[in-house]
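Q: Give the three-dimensional model of this entry:
(4 chains)
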4 protein chains.
Amino acid sequence: MGSFTLRDPARIGVGVLGAGRIARRVHLRNLATIRTVDVVVVADPDPAAAEAGRELARAKRASLDPMEAIHDPDVEAVVIIAPTPMHAPLIEAALRAGKAVWTEKPIAQDLAETERIVDLWREVQIPMQVGFMRRFDPGYVRAKELVDSGALGRIEQFRALSRDANSPPLEFLLTCGGSFIDMSVHDLDLARFLVGEVEEVHAWAAVLWDDRYTKADDWDTSVIMMRFRNGALGVVETARHSRWGYDIRAEIAGATGKVVVDGERMTPATHYREGATESDLYPDYMERFEIGYRRELEAFFDDLAAGRPVGPGPDDAYETLRLAVACTRSWRENRPVRLDEVTS
Amino acid sequence: MGSFTLRDPARIGVGVLGAGRIARRVHLRNLATIRTVDVVVVADPDPAAAEAGRELARAKRASLDPMEAIHDPDVEAVVIIAPTPMHAPLIEAALRAGKAVWTEKPIAQDLAETERIVDLWREVQIPMQVGFMRRFDPGYVRAKELVDSGALGRIEQFRALSRDANSPPLEFLLTCGGSFIDMSVHDLDLARFLVGEVEEVHAWAAVLWDDRYTKADDWDTSVIMMRFRNGALGVVETARHSRWGYDIRAEIAGATGKVVVDGERMTPATHYREGATESDLYPDYMERFEIGYRRELEAFFDDLAAGRPVGPGPDDAYETLRLAVACTRSWRENRPVRLDEVTS
Amino acid sequence: MGSFTLRDPARIGVGVLGAGRIARRVHLRNLATIRTVDVVVVADPDPAAAEAGRELARAKRASLDPMEAIHDPDVEAVVIIAPTPMHAPLIEAALRAGKAVWTEKPIAQDLAETERIVDLWREVQIPMQVGFMRRFDPGYVRAKELVDSGALGRIEQFRALSRDANSPPLEFLLTCGGSFIDMSVHDLDLARFLVGEVEEVHAWAAVLWDDRYTKADDWDTSVIMMRFRNGALGVVETARHSRWGYDIRAEIAGATGKVVVDGERMTPATHYREGATESDLYPDYMERFEIGYRRELEAFFDDLAAGRPVGPGPDDAYETLRLAVACTRSWRENRPVRLDEVTS
Amino acid sequence: MGSFTLRDPARIGVGVLGAGRIARRVHLRNLATIRTVDVVVVADPDPAAAEAGRELARAKRASLDPMEAIHDPDVEAVVIIAPTPMHAPLIEAALRAGKAVWTEKPIAQDLAETERIVDLWREVQIPMQVGFMRRFDPGYVRAKELVDSGALGRIEQFRALSRDANSPPLEFLLTCGGSFIDMSVHDLDLARFLVGEVEEVHAWAAVLWDDRYTKADDWDTSVIMMRFRNGALGVVETARHSRWGYDIRAEIAGATGKVVVDGERMTPATHYREGATESDLYPDYMERFEIGYRRELEAFFDDLAAGRPVGPGPDDAYETLRLAVACTRSWRENRPVRLDEVTS
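A: Next comes the predicted model:
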């Protein structure tokens, strides 16, 4: 990637921007385990969060100002885990400062803003990766290998289901851009990752479980039908709650084989009782994707250290957002939407 | 059911109309195992088939003429396994002759013809059951129990996938009415059986695997999106071939629980080899639904003997056909179709 | 088999000796479904049982006297489902009368008595099969295929576990010969069927659950260690009760592969609830081996009709009993026992 | 634990003794991810290994002399991953120097030597933990919870199977103490962990696969029968190779429930092909116990930092070794051995 070079690939200076709940529970702990990472600074406007983050990441210092962290001369790469509206401004500042960027998805909820970042990224040629952690889960990695090896033949059908165990609070719903953009987007990214680009979608949604979704002009249950450019047909089913635990499944069927990725057993223990066998499900996506969250950061820094391209990049994130926007438009306008209608 | 009575519920005189391939492989063998059934006659225009059928069903005699069989005074019930275009005429003759009817689906490919039979059935009040064998499979029976018990709460999502292992010959495709009516109909029936009536559908289809489907103006791959009257959302995926074996799965998710019915392991043996465990799949639907095929006939004759209503009846078959016709229209006209648009 | 011939292989005259609980629940129903079987007579000293059996088997007549049934000139084969002490006398009478014999296991609990029957069978050369239904279960059939094909390589380890869901009544325990002979015998037969003859056993047992077993000088829990003549090592675990349902599993591991046969899912339905997935277990062995019970009788009459040898025969039953006797002796005498010590 | 205190529980000075293959592949990487650990020194007589270890653990320095590392004043705890004969001398030196000890199993292959360490540990009251990683695997943790909660009722049966994918080299076999002490010991530890102390064992072994085991006076296949003090019966099956991958399974059955822990699916992907579904097995124990290896070290340092007792300790390791010695003696002397016969 163009002019970007590291001082010492064995010790990459990192600034973490954002030390909120998921950062402290997942990303900061994971950063602390990557041998090539040297966390220079953890920045968060909340001093307690910044200090807790510093501790978890074993960072040299905490800061209240992400911009200051970006411009620290010891920081060569930033990890952005700030609230969504901050993503684009922080990415822009980091790219302009010549710092490599790893950012939680989305770049922005808005296509124009996202495209602006993609254009900037193309211009500055700095490595940037967006947090689609499922691509690093061993199950989807295996699925991708099977697809790419030709073992499944021409792909004919794609299906993805996700049911989150716990629904977000209303204030989050009011700003998240709707469930296609906030949640289904992970399955839409899988569709592109495993099958290819989409030509047309039709989406239906409903509030079946929690009226807060009505208040937020959002929905808790949806289904998307899609036609891929290569002819394959697909569906994506999404629900915002699941009483039985995190529920996730993808199926990719081709002319000669099929692969299914699920998340059925959290531990290798099975309990037999009262006429039945019972296996534990994952309580939520953070447990199901524990390895994926770890590996997406490891891969970013490994690739950076080795001078390999990193990814998925902002162009991938833009295409996946376009797909989520198409679904939203399809549902709002009650009609099928072709992807080529959707531009920034 | 009105005026219908059996002479001796422990020995019901039965006429079998049709002794073709599936009759000889499945239904005639099953009839021979039902203790209350006394097969009087097996009728088929092909003398060899009729005689083979007679032998399999341990029938008293073979016949070349189904009409003659219907009117045999010893015949109290007919089992219709003739080619599809013969179903309606044979049903009509049997009902008019006061004989109880079990018939393979469909009654007819045409809504008007089907409605005519429903009207006749309502008028004559003779017991009649249509062959949706999945409703008698222990997996779907268990799913139905869970739904009806309220264990799953309000139903939110339905999903059904079917991939037949082997595709039918071209001559069959030319007359089968299209894959929604011929094959997806089984999953559409499950949708109605397990979730309820459907309000609107949108269907897409493609020929991805075998050009014979193009020649037949048919398709080998399809996806249907549906909204139920109770608000639930659903999808039905269908494929006309599967290299890996018969592939079938249904998922019904509700507010408090979910049930999945599949067909993954044909035997309770698992083979470990070269880094993997391997379980055998069913070669085709006849093996997967061996028990369902047996029980649908047992249930018909048990209910008949006990004087209980039999079912699913022609009214159910009509509603399911209406759903398949809606899907076909949706795909042909490239638009969502509301069920209330579809009338005979 | 020597001089035995059927009058009409398409219609074999059968006498059923014994119409008790398992006969009425399983065997008589199964007999009624075999096309080549013509049940002439069902004999049981209890008139109500005999009549109920006649009805279930669609037999011509009932009888109170099994000897009379054996000598009915229309009876060519007998099916013995009488209480265990009656097995040997009935087998002897049938073989001497030239009637083919299918009998529930065991021939006798006593080796000398069993050997006497084997000698008689060798002398008269009449087809005779003993009811080890597991050999006809699709799971064990698949395991046998894998072993015989060489796919598993040289067999190294055998393991079988059986836990019956429901324990027999005390009066049965007092006369059953002990749990190795009554229950473990099914797994000992599998050991011989799948791996080969055994050289030495050591058995331990305990009463851990129900004191009735102490009263019966029996045990409810046991483990057997065995060395096969071909060098493989094996274990058999047995328990007389299981709160969670019928629990059965066999594992055969070889140099290049392994096969496991279990009985985990009674239906293809999985229920998701409260953090877990749940699959139903079989309530008891009769449900688990529904197919095995059906096929063992089908195979007997198919082989008889085709003039093929039937089996497993009395020689097999004798060897398996010898193994069970060796286990009993090992436990009673608190020492390993070599099979060559055990003779009639 | 007595007088042992840490200078700063948030930053524990650690010396690693041994940087061989499994240290570099597993333990050193894991140490680098524990936030409270500050690796001061990695010692190995091989300079290249020591330096590679230093790098992996992000240690301050490498050393060729483990004794020097033990006595480094910045070292508060040692992690011993040296060859087995070095374990006891290093443990002794560390305990005498007042350093907390985490050591790979075994303490020694010899009971007397092990007892000497246990006595010393009791005397100095320094925290010490032995590496039975299975106790930290989420599957066995869940099994332990179910046992301890009473959900399974009184335990009646225990069964453990382990088949290593890859056999060790001959030079290792010559000094490993035999397969009961080297390999079965993990399952023997599970027996004690999950069910309780053992009263009597009987063990049989064989060379069925690789003659190198005969040369080493060892065996590649074995079975152990055991009676627990609480009356339960158990078996342990062990094999030194597995063509299909790492094969592991434990079953604990009680009066009211059962738990099974296995290792069947390495990823959540299932591949459907040619009539079968296929799931990947783990290639070897290091992949299967990736989490267990990580958590045993995390738990040790977490407990140390919190001032909680650590474990399993040397007393546990001694009891488990006694069990393995009893099995070895049983097989060598061809007789059942009571545990109370086995003393140092």
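Q: Leaving out the residues flanking it, which one is nearest to the spatially most central residue of chain A?
A: Central residue of chain A (C-alpha atoms, centre = their mean): A:Phe132, 2.9 Å from the mean position. Excluding the flanking residues, the one nearest A:Phe132 by C-beta to C-beta, 6 or more residues apart in numbering or on different chains is A:Asp189, at 4.9 Å. C-beta coordinates here come from the backbone N, C-alpha and C atoms, glycine included.
Q: what's the helix or strand containing the one you found packed up against?
A: Taking DSSP states H and E as the definition, A:Asp189 sits inside helix A:185-194. Packing partners of helix A:185-194 (3 or more C-beta pairs under 8 Å, 6 or more residues apart in numbering or on different chains; DSSP states H and E): helix A:138-149, strand A:155-163, strand A:198-206, strand A:221-228, strand A:233-239, strand A:247-254, helix A:314-333.
Q: Show me what that helix is in contact with.
A: The contact list for helix A:185-194, computed with C-beta atoms under 8 Å, 6 or more residues apart in numbering or on different chains, reads A:105-106, A:132, A:134-135, A:140, A:143-144, A:147, A:155, A:158, A:160-162, A:180, A:198, A:224, A:226, A:228, A:234, A:236, A:238, A:250, A:252, A:312, A:316, A:319-321, A:323-324, A:327.
Q: Up against chain C, what does the stretch 101-250 of chain A have?
A: Within the stretch 101-250 of chain A, the residues that sit near chain C (C-beta under 8 Å from any C-beta of the partner chain) are A:Arg243, A:Trp244, A:Gly245, A:Asp247.
Q: burial count for the second one?
A: In this case it means A:Trp244. Per other C-beta atoms under 10 Å in any protein chain shown, the neighbour tally for A:Trp244 reads 22.
Q: May I have the residues that are in contact with it?
A: Counting by C-beta under 8 Å, 6+ apart, the residues that A:Trp244 touches are A:Leu281, B:Gly257, B:Lys258, C:Tyr272, C:Arg273, C:Glu274, C:Gly275, C:Ala276, C:Thr277.
Q: switch the cut-off to 7 Å
A: By C-beta atoms under 7 Å, 6 or more residues apart in numbering or on different chains, the contact set of A:Trp244 is A:Leu281, B:Gly257, B:Lys258, C:Tyr272, C:Arg273, C:Glu274, C:Gly275.
Q: Now, of those residues, which are buried?
A: For these, a burial check counting by 16 or more other C-beta atoms under 10 Å in any protein chain shown picks out A:Leu281, B:Gly257, B:Lys258, C:Tyr272, C:Arg273, C:Gly275.
Q: Make a markdown table out of these and add secondary structure, pLDDT and distance to B:Val14.
A: Putting these into a markdown table (DSSP: H, G, I helix; E, B strand; the rest coil; pLDDT from 0 to 100; distance: C-beta to C-beta, whole Å) gives the following:
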| residue | secondary structure | pLDDT | distance to B:Val14 |
| --- | --- | --- | --- |
| A:Leu281 | coil | 96 | 48 |
| B:Gly257 | coil | 98 | 41 |
| B:Lys258 | strand | 98 | 40 |
| C:Tyr272 | strand | 96 | 42 |
| C:Arg273 | strand | 94 | 43 |
| C:Gly275 | coil | 90 | 50 |
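Q: just to revisit the earlier point, mean neighbour count, the helices and strands packed on helix A:185-194: which tops it?
A: Mean neighbour count (mean count of other C-beta atoms under 10 Å in any protein chain shown) peaks for strand A:233-239 among the helices and strands packed on helix A:185-194, with a mean of 27.
Q: quick one on the thing from earlier: among the residues of the stretch 101-250 of chain A next to chain C, which pair sits farthest apart?
A: Farthest apart among those by C-beta to C-beta are A:Arg243 and A:Asp247. That separation is 9.8 Å.
Q: Of all the helices and strands packed on helix A:185-194, which one is nearest chain D?
A: Comparing the helices and strands packed on helix A:185-194 against chain D with C-beta to the nearest C-beta, the closest turns out to be helix A:138-149 (3.8 Å).
Q: model confidence over that closest one, on average?
A: Averaging pLDDT along helix A:138-149 yields 98.
Q: next one: stretch A:153-173
A: 95.
Q: pull the CA atoms of it into PDB?
A: Presented in PDB, the C-alpha positions along stretch A:153-173 are these (Å, rounded to 0.1, in the frame of the first residue of the first chain):
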ATOM      1  CA  GLY A 153     -19.300 -26.200  -7.700                       C
ATOM      2  CA  ARG A 154     -21.300 -23.300  -9.000                       C
ATOM      3  CA  ILE A 155     -23.100 -21.700  -6.100                       C
ATOM      4  CA  GLU A 156     -26.900 -21.900  -6.400                       C
ATOM      5  CA  GLN A 157     -28.300 -20.900  -3.000                       C
ATOM      6  CA  PHE A 158     -27.300 -18.700  -0.100                       C
ATOM      7  CA  ARG A 159     -29.100 -18.500   3.200                       C
ATOM      8  CA  ALA A 160     -28.200 -16.600   6.400                       C
ATOM      9  CA  LEU A 161     -30.100 -16.300   9.600                       C
ATOM     10  CA  SER A 162     -29.100 -14.200  12.600                       C
ATOM     11  CA  ARG A 163     -31.000 -13.700  15.800                       C
ATOM     12  CA  ASP A 164     -29.300 -11.600  18.400                       C
ATOM     13  CA  ALA A 165     -29.900 -12.800  22.000                       C
ATOM     14  CA  ASN A 166     -30.300  -9.300  23.400                       C
ATOM     15  CA  SER A 167     -31.900  -6.200  21.800                       C
ATOM     16  CA  PRO A 168     -30.200  -2.800  22.000                       C
ATOM     17  CA  PRO A 169     -31.600   0.100  24.100                       C
ATOM     18  CA  LEU A 170     -34.100   2.500  22.400                       C
ATOM     19  CA  GLU A 171     -31.600   5.400  22.300                       C
ATOM     20  CA  PHE A 172     -29.300   3.200  20.200                       C
ATOM     21  CA  LEU A 173     -32.200   2.200  17.900                       C
END
